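A.B. asks: Just to be clear, the model below is a prediction. Sequence and coordinates:
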Amino acid sequence: MSAFYTLLFVAPTSDAESIANDVDEDANERYPNAWLDHIGDLELIELWNILQPGVGAETLLDEMVFASPDGETVVVKVPVGFVEAVNSVSSNRVNDIATQWQASELMADWPLADVVGVFDELSAVCRKSVETATPLLQVAAM
């Protein structure tokens with residue numbers, strides 16, 4: 001596992017500073033979000049490469065939209081290609097995708113049901129991002 005968690009919000013980029021400043025407070029109530037325990041960029045990049053073989057995704061970092069003055073918290077846009085790839089998975093393909101993701105070295109210790117649960121949570125915020133034409137933002141604390 002490469003990270004303790006990934007924190008995602010469906011929110012306008014103009015709200016990035018507000019989200020970064022109160023991520024543990026009401027940001028969770030104001031915006032659709034996903035807190036993906038023990039999932040980091042490496043796991044999500046692996047998923048993206050499963051969803052779109054040949055794309056060669058190497059990063060989930062798109063545009064940085066906010067950095068705290070001390071540099072300890074940053075907010076970046078998640079690439080639209082990733083959001084659309086996750087959103088495009090039909091419900092009848094989720095188990096197949098989860099099985100492929102679980103077969104990767106980074107997810108090998110995960111029970112399949114947990115991988116499906118993570119995918120479902122991720123899919124929900126990606127779907128909301130697409131439906132509302134609102135960016136998916138990732139908050140990272142250094």
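C.D. replies: Perfect, I can see it now.

A.B. asks: which residues sit in contact with the nearest residue to A67 once chain neighbours are set aside?
C.D. replies: Residue nearest to A67 in three dimensions, not counting chain neighbours: V74, with 4.7 Å by CB to CB, 6 or more residues apart in numbering. C-beta coordinates here come from the backbone N, C-alpha and C atoms, glycine included. Under the criterion of CB atoms under 8 Å, 6 or more residues apart in numbering, the neighbours of V74 are A20, M64, F66, A67, S68, V139, A140, M142.

A.B. asks: OK, contacts around the fifth one?
C.D. replies: Pointing back at S68 there. A20, N21, V74.

A.B. asks: Okay, and which of those residues map to helices?
C.D. replies: The members of those that map onto helices under DSSP state H are A20, N21.

A.B. asks: what would the contacts of S68 look like in JSON lines with pLDDT and distance to N33?
C.D. replies: Formatted as JSON lines, those follow (pLDDT from 0 to 100; distance: CB to CB, whole Å):
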{"residue": "A20", "pLDDT": "89", "distance to N33": "13"}
{"residue": "N21", "pLDDT": "84", "distance to N33": "15"}
{"residue": "V74", "pLDDT": "92", "distance to N33": "17"}
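
A.B. asks: Please point out which parts of stretch 121-138 sit buried.
C.D. replies: For stretch 121-138, burial by neighbour count (16 or more other CB atoms under 10 Å) applies to 121-130, 134-138.

A.B. asks: same deal with stretch 44-53?
C.D. replies: Taking 16+ other CB under 10 Å as the neighbour-count basis, stretch 44-53 is seen to contain the buried residues L44, I45, E46, L47, W48, N49, I50, L51.

A.B. asks: ok so, going back, tell me the least confident of the contacts of V74?
C.D. replies: The member of the contacts of V74 with the lowest pLDDT is M142, at 69.

A.B. asks: ok, back up a step: return the member of the buried residues of stretch 44-53 nearest to E105.
C.D. replies: Here the nearest of the buried residues of stretch 44-53 to E105, counting by CB to CB, is E46; it sits at 8.4 Å.

A.B. asks: isn't the closest one right next to W110, touching?
C.D. replies: No - using CB atoms under 8 Å, E46 is not in contact with W110; the gap is 11.9 Å.
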